[in-house]
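Undergrad: what follows is a predicted protein model with its sequence.
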Amino acid sequence: MLIKILPDQIAIPASSEITPQNIYLSRRQFIGGLAAGAIAGSTLGLPNHAFAQRKGSSKLTGVVNAAFSSTEKRTPYEDATSYNNFYEFGTDKSDPAKTAGSLIVKPWTVTVDGEVNKPVTLDLDGLLKLAPLEERIYRLRCVEGWSMVIPWIGYSLSALIKKVEPTGNAKYVQFITLADAKQMPGLSSDVLNWPYTEGLRIDEANHPLTLLTMGMYGEVLPNQNGAPVRIIVPWKYGFKSAKSIVAIRFIKTQPKTAWNSYAAREYGFYSNVNPQVPHPRWSQATERRIGEDGIFTAKRKTILFNGYNDVAGLYSGMDLQKFY
Ligand SMILES: Nc1nc2c(c(=O)[nH]1)N[C@H]1C(S)=C(S)[C@@H](COP(=O)(O)O)O[C@H]1N2
Ligand SMILES: [Mo]
């Protein structure tokens, strides 16, 4: 039987006038490939608001940012909300959907501090009003070898970064998430060091693709997907996209992160999606798309930076085998 692997179709933003020539050229080639893919994609893709609102959830919409959106078929809502990694609510994929009902998302505040001139603590309303909300359909690729295509609602983290005015010492941004054993049954296990933390270099955090995320599929984030606020960094493995953030800290030195502390040899600080750098225990060359699994479903080829070539300039001159 001949199994055809569909091409992955990722739209990339046209940005950055300061892109080095070689990267600019590869981006042009990428856009060339995209135009052909977009035609095939239009028959597969669903209109942007094809998902009806679920009972009991609150609507949250944003203006569709087509330039930043994949044209691939979206993962069904039911899959995106029942197959989750959120270890604070258990290590089984099906655990968070069952147990995250105990997460209290209101009131909620996010403290933004450290190497900034204007530290601030914002409640969810303050966060939602900080910048216009957008809908962006991003691919998320888990280091375990699966991926999803999800319409997220939020805005570029850079809008918040601008507001707090980082000092010249702010070289990294750390994300600290909620760790409350009363709300989170998974904290009784010491599988990770709590709280779950993540980090980005300041230029990665400022890249327009980095999305401060408050919703998905036209609604506020379900608890199991990281309510009420998380980060989405689409060119990195999913674990960089920390859920249920309570603090964002600007710091001088590269922070310790949850998975890097667990096993530094297996999970680097950068964790850019890279099919050529295998995890020490398995390949990263292919992925399966959640929601379309079947015994005859072909795996997809994983693409460098998850297809978001636009970020390549952040890593020019770096050895991606070393900085995995
Ligand atoms: N706080 C917290 N954030 C987290 C995790 C976690 O266990 N705790 N898991 C990560 C991993 S491994 C992945 S793949 C994504 C999954 O996001 P999703 O369930 O919304 O698809 O969340 C990331 N963010
Ligand atoms: Mo993951």
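TA: Yep, it's here. Ligands and ions are numbered 1, 2, ... in the order given.

Undergrad: so what's the residue nearest the centre of the chain up against?
TA: Centrality entry for the chain: nearest residue to the mean C-alpha point is residue 232, 2.5 Å, by Cα atoms, centre = their mean. Applying Cβ atoms under 8 Å, 6 or more residues apart in numbering to residue 232 gives the contacts 138, 140, 152, 154, 210, 211, 213, 241. All C-beta spots, glycine's among them, are computed from the backbone N, C-alpha and C.

Undergrad: partners of it in the sheet?
TA: Taking DSSP bridges, one finds residue 211 as the beta-bridge partners of residue 232.

Undergrad: can you give me the strands for the chain?
TA: 63-64, 109-114, 120-123, 134-141, 146-156, 172-177, 197-201, 211-216, 219-220, 230-232, 245-251, 286-289, 300-301 (DSSP state E).

Undergrad: format the ones you listed as CSV; extra columns: mean pLDDT.
TA: Output for the strands of the chain, formatted as CSV (pLDDT from 0 to 100):
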stretch, mean pLDDT
strand 63-64, 98
strand 109-114, 99
strand 120-123, 98
strand 134-141, 98
strand 146-156, 98
strand 172-177, 99
strand 197-201, 98
strand 211-216, 98
strand 219-220, 98
strand 230-232, 99
strand 245-251, 99
strand 286-289, 97
strand 300-301, 96
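
Undergrad: which of the contacts of residue 232 count as buried?
TA: 138, 140, 152, 154, 210, 211, 213, 241 (16 or more other Cβ atoms under 10 Å).

Undergrad: up against ligand 2, what does the stretch 151-300 of the chain have?
TA: Within the stretch 151-300 of the chain, the positions adjacent to ligand 2 are 238, 239 by Cβ under 5 Å from the ion.

Undergrad: mind telling me which residue of the stretch 151-300 of the chain is nearest ligand 1?
TA: residue 238 (2.5 Å; Cβ to the nearest ligand atom).

Undergrad: so that residue touches residue 138, yeah?
TA: No: contact between residue 238 and residue 138 fails when scored by Cβ atoms under 8 Å: they sit 10.9 Å apart.

Undergrad: list the contacts for the residue nearest to residue 239 when sequence neighbours are not counted?
TA: Of all residues not flanking residue 239 in the chain, residue 259 sits nearest, at 5.0 Å (Cβ to Cβ, 6 or more residues apart in numbering). Residues near residue 259 by Cβ under 8 Å, 6+ apart: 192, 239, 266, 267, 271.

Undergrad: now swap in residue 86 and tell me
TA: Counted by Cβ under 8 Å, 6+ apart, residue 86 has contacts 95, 96, 100, 186, 224, 225, 226, 243.

Undergrad: which ones among the buried ones among the contacts of residue 232 also lie next to ligand 1?
TA: 140, 241 (Cβ under 6 Å from any ligand atom).

Undergrad: format the buried ones among the contacts of residue 232 as TSV; extra columns: distance to residue 74.
TA: Shown next, in TSV, are the buried ones among the contacts of residue 232 (distance: Cβ to Cβ, whole Å):
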residue	distance to residue 74
138	10
140	12
152	11
154	16
210	21
211	16
213	16
241	17
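
Undergrad: what is the neighbour count of the closest residue to residue 289 other than its chain neighbours?
TA: Among residues not flanking residue 289 along the chain, residue 147 sits closest, at 5.7 Å (Cβ to Cβ, 6+ apart). When neighbours are counted by other Cβ atoms under 10 Å, residue 147 registers 22.

Undergrad: for residue 147, give its distance to ligand 2.
TA: 10 Å (Cβ to the ion, to the nearest Å).

Undergrad: surely that residue and residue 300 touch.
TA: Yes: under the criterion of Cβ under 8 Å, residue 147 makes contact with residue 300 at 7.4 Å.

Undergrad: got any residues that touch both of the two?
TA: Counting by Cβ under 8 Å, 6+ apart, the residues touching both residue 147 and residue 300 are 287, 288, 289.

Undergrad: check contacts around residue 109.
TA: Neighbouring residues of residue 109 by Cβ under 8 Å, 6+ apart: 121, 122, 123, 246.
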